[in-house]
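Chemist: build the 3D model from these lines:
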Amino acid sequence: MGADIKQLRTRIKSVDSTLHLTKAMELVASSKIRKASEAMRKGKEYSKSLEDCAAQLATFEECKKSPYMAKREGGKTCLTVIAGDRGLAGGYNANIFRLMREYPDAEVLPIGKRACERYGKELVNAEGYPFLLAREMAKKVCEDFAAGRIDRFGIVCTEYVSLISQEARVKWVLPLEAGEGKASVGAIFEPDEVTVLNALIPEYVAGLIMCAVKESFACEVAARRVAMDSAGKNAREMIDRLGLEYNRARQGAITQEITEIVAGSGM
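Modeler: Just a heads-up that it's a prediction; the model follows:
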């Protein structure tokens, strides 16, 4: 009985230590959510402006001559994969890697420690990812696409649905889709539409990468907060259950001691 009490006491201390850790991580995640959400909002505004410009240019017939609008039948795919820098964020990283199973032959450009480790590339943090690196990646992607070394390019990232819901998805970037509707007659492009489009695309790709990084990081923070909150609740429930077992074991031990004392005094 004494061994059971000692074992229960050790387990309670262990779970209590875990509870303190999950609570601390939940507080850290909560403190980051507002800043991450604001960065995500600004990133979406910037990428929306770039998408609007690209969509407007894509409505011009001349722009169909651009190498970035060329549709190819080949299967050479390049994907920027954005995962987290750490674990303990529920299914955040797992959902990204599960989605990547659909593209086993794709060339991977990872962002985030977990993605870099999985694909054996140099470590690049998702948190604080600089725009300079996004531009370098976009330049390489655009050069490879224009030269025909890849046939399509996409971004594997996580879409922020709500604080408790995030979804892994692929956003296809190249080739650029032809715009719908008539070309705008209110805009004048110099020297011509194709030249402007070709100059815009590397910045467009870099902007979409940065937007995806910021949104994915906001998703990681939100997922970690929810996961730690859930883990904390489970830990508290386990402490309550173990506490009940501990009290029963102590009560049983005390009852046994009293019984032995009474039995000894009657001899």
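Chemist: what helix or strand does the nearest residue to Met228 once chain neighbours are set aside sit in?
Modeler: Excluding the flanking residues, the one nearest Met228 by CB to CB, 6 or more residues apart in numbering is Glu26, at 3.8 Å. In short, each C-beta sits where N, CA and C put it, glycine included. Using DSSP states H and E, the element containing Glu26 is helix 2-58.
Chemist: export whatever helix or strand comes next after that helix as PDB, just CAs?
Modeler: Note on helix 2-58: by DSSP H and E, the next helix or strand toward the C-terminus is strand 77-82. As requested, the backbone C-alpha atoms of strand 77-82 are provided in PDB (Å, rounded to 0.1, in the frame of the first residue of the first chain):
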ATOM      1  CA  THR A  77       6.300  20.900 -59.700                       C
ATOM      2  CA  CYS A  78       8.000  23.200 -57.200                       C
ATOM      3  CA  LEU A  79       6.500  23.900 -53.800                       C
ATOM      4  CA  THR A  80       7.300  26.200 -51.000                       C
ATOM      5  CA  VAL A  81       6.400  24.300 -47.900                       C
ATOM      6  CA  ILE A  82       5.700  26.400 -44.800                       C
END
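Chemist: direction included, what does strand 77-82 pair up with?
Modeler: Strand 77-82 has the following sheet partners, assigned by DSSP bridges: strand 107-111 (parallel), strand 152-162 (parallel).
Chemist: indicate which one of those is closest to Pro191.
Modeler: Among the strands paired with strand 77-82, strand 152-162 comes nearest to Pro191, with 26.7 Å by CB to CB.
Chemist: buried residues in that closest one?
Modeler: Buried positions in strand 152-162, judged by neighbour count with 16 or more other CB atoms under 10 Å: Arg152, Phe153, Gly154, Ile155, Val156, Cys157, Thr158, Tyr160.
Chemist: let me have these in a markdown table, extended by pLDDT.
Modeler: Below are the buried residues of strand 152-162 laid out as a markdown table (pLDDT from 0 to 100):
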| residue | pLDDT |
| --- | --- |
| Arg152 | 94 |
| Phe153 | 96 |
| Gly154 | 96 |
| Ile155 | 97 |
| Val156 | 96 |
| Cys157 | 95 |
| Thr158 | 94 |
| Tyr160 | 91 |
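Chemist: and those residues, which is closest to Thr10?
Modeler: Taking CB to CB as the measure, Thr10 lies nearest Thr158 of these, at 38.7 Å.
Chemist: quick one, what contacts the nearest residue to that closest one once chain neighbours are set aside?
Modeler: The shortest distance from Thr158 to any non-neighbouring residue, by CB to CB, 6+ apart, is to Cys219 (4.1 Å). Going by CB atoms under 8 Å, 6 or more residues apart in numbering, Cys219 touches Tyr92, Thr158, Glu159, Tyr160, Gln166.
Chemist: Arg241 should be in a strand, yeah?
Modeler: No: assignment of Arg241 by DSSP: H, G, I helix; E, B strand; the rest coil gives helix, placing it outside any strand.
Chemist: next one: the helix or strand where the residue nearest to Thr158 lies to chain centre, how far?
Modeler: In the assignment (DSSP H and E), Cys219 maps to helix 193-265. Relative to its parent chain, helix 193-265 has a centroid offset of 16 Å by CA atoms, centre = their mean, to the nearest Å.
Chemist: quick one: it to helix 2-58, angle?
Modeler: 170 degrees (axes from the mean of the first three to the mean of the last three CA atoms, to 10 degrees).
Chemist: quick check: mean pLDDT of the helix or strand where Gln166 lies?
Modeler: Per DSSP H and E: Gln166 is located in strand 165-174. Strand 165-174 carries an average pLDDT of 93.
Chemist: how about stretch 61-72?
Modeler: For stretch 61-72, mean pLDDT is 85.
Chemist: confidence score at Ile188?
Modeler: Here, the pLDDT recorded for Ile188 equals 73.
Chemist: isn't there a strand covering it?
Modeler: No: using three-state DSSP, the secondary structure at Ile188 is coil, not a strand.
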